[in-house]
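Participant: return atomic coordinates for the entry below.
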Amino acid sequence: MGKNILKGVFLVGLGATSYGMLATMVKLSYKQGYTTAEVTSSQMILGIIGMLIITFYQKKNKNTPAVKATNKNKLHLIIAGTSMGFTSVFYYLAVVYIPVSIGIVLLMQTVWMGVVLEALLTKTLPSLRKVIAVIIVLAGTIMATNLLNTTEVPDWRGIVLGLLAAAAFTANMFTSSRIAVHLPPSKRSLYMLYGGAVIVLTFTAITWPGTYNFDIFIKWGLVLAIFGTIIPPLLLNKGFPLTGIGLGSIVSSLELPVSVSMAFILLQEKVTLIQWAGIVLIILAVVIMNIKYRRNN
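Facilitator: Here you go, the predicted structure:
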């Protein structure tokens, strides 16, 4: 049992770390002149191709039990996948206007948004522990986004887009953990990617300036697809059942310090001590909210 939990922690940690590297890669691609539409579309298309290869291999592998998806399952997963597309578009647009270190903090607002959504769906008030965690998250966010420094207030467009990305990501987490969970992770991810592709390709068509730089597929699309679309869902879907929800959520918050550290090292983004303290507070809130589950698992 201990080995399984350790394996789960490793898988979830690796998946979260992989997600944490994304925004810095996107920012670097912007510096080379690529657009948000080019970045998101190349990542989504190559991600679908990669997931098709994985599902095809699993279908040929006799050791993998064949589980068929009904048309209803497929439709529900495709609809759920639209939230994945919205997350990518909003998040990648956000880092056009704000630093990656602030963008990832805004994405982590899923912590309190998840509490609110859960309360609305179950029609019950959140526990005192969750309320305290939410207050800590909000306090940490004010510190981590540098809002206390009135001379360098982040661009409001980036803040709005970052919060929209968090809302979409919250919807994505809720739907992906509840819809067609009997299907293999790769198959579920594939149908959700189809839904995400609808949003991303629609955004690409709407914002298309008349030209499209296909070099993006080789230079950044493949890397983004591997680290953002293929590896994380597979690792997280395999790791979470081993760790349990609570421990898995705590380990997955690694995405936050990884993303900020990547931006600090590769983009030379300025991250103050107050911002680091805010990041620590947000991670602490995640731990407080999930520590009860940790004991049970």
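Participant: what packs against the strand or helix carrying Ser186?
Facilitator: Applying DSSP states H and E as the criterion places Ser186 in helix 185-207. In terms of contacts (3 or more Cβ pairs under 8 Å, 6 or more residues apart in numbering; DSSP states H and E), helix 185-207 is packed against helix 36-60, helix 71-97, helix 231-243. Backbone N, C-alpha and C define where each C-beta goes, glycine included.
Participant: beyond the helix or strand of the chain with the lowest mean pLDDT, next helix or strand please.
Facilitator: Taking mean pLDDT, DSSP states H and E as the measure, the chain has helix 245-252 as its least confident helix or strand, at a mean of 70. Next along the chain after helix 245-252, taking DSSP H and E as the criterion, comes helix 255-266.
Participant: run the angle between that next one and helix 71-97 for me.
Facilitator: Here helix 255-266 points in a direction 40 degrees away from that of helix 71-97 (axes from the mean of the first three to the mean of the last three Cα atoms, to 10 degrees).
Participant: contacts for helix 255-266, please.
Facilitator: Helix 255-266 is contacted from outside by 16-17, 19-24, 27-28, 99-101, 104-105, 108, 269, 271, 275-276, 279, 282-283, using Cβ atoms under 8 Å, 6 or more residues apart in numbering.
Participant: one more time with 7 Å, if that's ok
Facilitator: The contact list for helix 255-266, computed with Cβ atoms under 7 Å, 6 or more residues apart in numbering, reads 16-17, 19-21, 23-24, 28, 99-101, 104, 108, 269, 271, 279, 282-283.
Participant: same check, this time on stretch 78-97
Facilitator: Taking contacts as Cβ under 7 Å, 6+ apart, the residues outside stretch 78-97 that touch it are 23, 26-27, 30, 36, 39-40, 103, 106-107, 155, 157-158, 161-162, 164-165, 168-169, 171-172, 175-176, 179, 191-200, 203.
Participant: give me the buried entries from the residues you listed.
Facilitator: For the contacts of stretch 78-97, a burial check counting by 16 or more other Cβ atoms under 10 Å picks out 23, 26-27, 30, 36, 39-40, 103, 106-107, 158, 161-162, 164-165, 168-169, 171-172, 175-176, 179, 191-200, 203.
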